[in-house]
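Peer 1: just coords:
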């Protein structure tokens, strides 16, 4: 897909496919196992499957706040890309997290984010992380700003994240 086609055409399924390609090439995403739930113009959601490795409080099994922040930052970036309708390098300028309560042991977390304002150089998003259950009880709230069109890896062409060659 050419850059011009990417700018002019927004297809949520293509967006999910491109993000999946990027995630499969990124060691961090493989480790965290984030799953895209939905992507539409200016909105995105992801799931964090419960994993005992990310527990912050061993006595309750509650997840560490850092993994919730990483989830919110990641889905916020995907949301910003969906708002500008292209996969593009961007940078987190500001991220505010409010933790509302601990998570429940064994329960997945869903993060839903929307882009509420966009300029030529920044996207502003807000979202909620909640436990995946019928009650959808919120565990955290976030607000963030992302700088658009930054220098960074071409997300349409997975590359090694290090230009240093391995020693032979």
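Peer 2: All right, it came through fine. Keep in mind the model is a prediction, meaning the values are calculated, not measured.
Peer 1: can we go C-alpha only for contacts and neighbour counts from here?
Peer 2: OK.
Peer 1: do you know the pLDDT at residue 89?
Peer 2: Confidence at residue 89, expressed as pLDDT, is 83.
Peer 1: that one contacts residue 146, correct?
Peer 2: No. Taking contacts as CA atoms under 8 Å, residue 89 lies outside contact range of residue 146: 10.1 Å.
Peer 1: looking at these two, which is more packed in?
Peer 2: Here residue 89 and residue 146 are compared on neighbour count by other CA atoms under 10 Å; more neighbours surround residue 146, at 23 against 16.
Peer 1: for that one, list each beta-bridge partner.
Peer 2: With DSSP bridges applied, residue 146 shows beta-bridge pairing to residue 92, residue 123.
Peer 1: hang on, it packs against residue 120?
Peer 2: No. When contacts are counted by CA under 8 Å, residue 146 is not listed as touching residue 120 (11.3 Å).
Peer 1: on the three-state scheme, residue 69 is what?
Peer 2: State at residue 69, reduced to three classes by DSSP: H, G, I helix; E, B strand; the rest coil: helix.
Peer 1: nope, residue 76 is what I was after
Peer 2: Here residue 76 is recorded as helix under three-state DSSP.
Peer 1: cool, and the one 4 residues further on?
Peer 2: At residue 80 the chain is in helix, as set by three-state DSSP.
Peer 1: which stretches of the chain form helices?
Peer 2: For the chain, the helices defined by DSSP state H occupy 3-8, 12-25, 27-32, 65-84.
Peer 1: so how many other residues sit close to residue 107?
Peer 2: Applying other CA under 10 Å, we find 18 residues neighbouring residue 107.
Peer 1: can you list phi and psi of it for me?
Peer 2: In terms of degrees, to the nearest 10, the main-chain angles of residue 107 are phi -100, psi 130.
Peer 1: now do the contacts for residue 147.
Peer 2: Residue 147 sits next to 90-93, 121-123 when contact means CA atoms under 8 Å, 6 or more residues apart in numbering.
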